[in-house]
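Colleague: Could you look at this predicted model? Sequence included:
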Amino acid sequence: MKGRSILLRAALPAVFVMLPAAFAQTNPAIAQVAYKVVDGSKVDSNTLQGWKTWRALACERCHGAQQQGMVGPSLVDAFKTLDKNEFHRTVFGGRVDKGMPDFSSSQMMQKNWEYLYAYLKGRSDGQIKPGDLQALDAK
């Protein structure tokens with residue numbers, strides 16, 4: 001739990017995770033990341049868009065369908081310490097020498113990178129289960 005806050009609400013069985021306020025204050029260009037998840041597979045619309053971005057850009061080819069790592073590293077492990085700034089630098093600069101492409105020309109990534117970060121953070125935290133996701137308001 002080091003470095004982040006979890007708020008649990010009894011009336012709404014969802015988990016909200018945000019980076020600490022100190023992070024946002026020292027990095028004003030980067031807004032706080034939050035995701036909401038219920039039952040491991042129902043998520044807020046932004047996090048759902050992050051998952052759709054993951055799927056559309058076929059990130060599982062290198063990082064595995066459950067973010068467990070294959071050719072690329074395990075993101076479940078990496079997101080335990082990877083901050084939002086480093087994630088941004090990686091997806092928009094790549095690590096070409098290690099096989100990570102530069103997604104700076106992807107409009108989908110430009111629009112949704114923060115949501116993708118939230119989705120991957122939720123996976124790393126163990127709150128979002130592997131597999132297909134649905135919107136919180138889905139029946």
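Modeller: Sure, I can see it. Numbering: from 1, shown residues only.

Colleague: can we go C-alpha only for contacts and neighbour counts from here?
Modeller: Fine.

Colleague: In the longest helix seen in the chain, which residues are buried?
Modeller: Longest helix of the chain, by residue count under DSSP state H: helix 107-124. Within helix 107-124, the residues scored as buried using 16 or more other CA atoms under 10 Å are 108-109, 112-124.

Colleague: So for stretch 88-106, mean pLDDT?
Modeller: Mean pLDDT, computed over stretch 88-106, is 96.

Colleague: Just the C-alpha atoms of stretch 67-82, please, in CSV.
Modeller: Output in CSV follows, covering the C-alpha atoms of stretch 67-82 (Å, rounded to 0.1, in the frame of the first residue of the first chain):
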residue,chain,number,x,y,z
GLN,A,67,0.1,-8.4,-18.3
GLN,A,68,2.3,-11.2,-16.9
GLY,A,69,5.2,-10.6,-19.4
MET,A,70,6.4,-12.5,-22.4
VAL,A,71,8.9,-10.8,-24.7
GLY,A,72,8.2,-7.6,-22.8
PRO,A,73,8.3,-7.3,-19.0
SER,A,74,5.5,-8.1,-16.6
LEU,A,75,3.4,-5.0,-16.2
VAL,A,76,1.8,-6.4,-13.1
ASP,A,77,5.2,-6.3,-11.5
ALA,A,78,6.4,-3.1,-13.2
PHE,A,79,3.4,-1.1,-12.1
LYS,A,80,4.2,-1.7,-8.5
THR,A,81,7.0,0.9,-8.8
LEU,A,82,6.5,2.6,-12.3
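
Colleague: pLDDT on that stretch, on average?
Modeller: On average, stretch 67-82 scores 96.

Colleague: Run through who's touching that stretch.
Modeller: Stretch 67-82 has contacts (CA atoms under 8 Å, 6 or more residues apart in numbering) with 60, 61, 62, 63, 64, 99, 100, 120, 121, 123, 124, 125.

Colleague: one step back: helices or strands next to the longest helix of the chain in the packing?
Modeller: Helix 107-124 is packed against strand 34-38, helix 45-56, helix 75-78, helix 84-93, with contacts defined by 3 or more CA pairs under 8 Å, 6 or more residues apart in numbering; DSSP states H and E.
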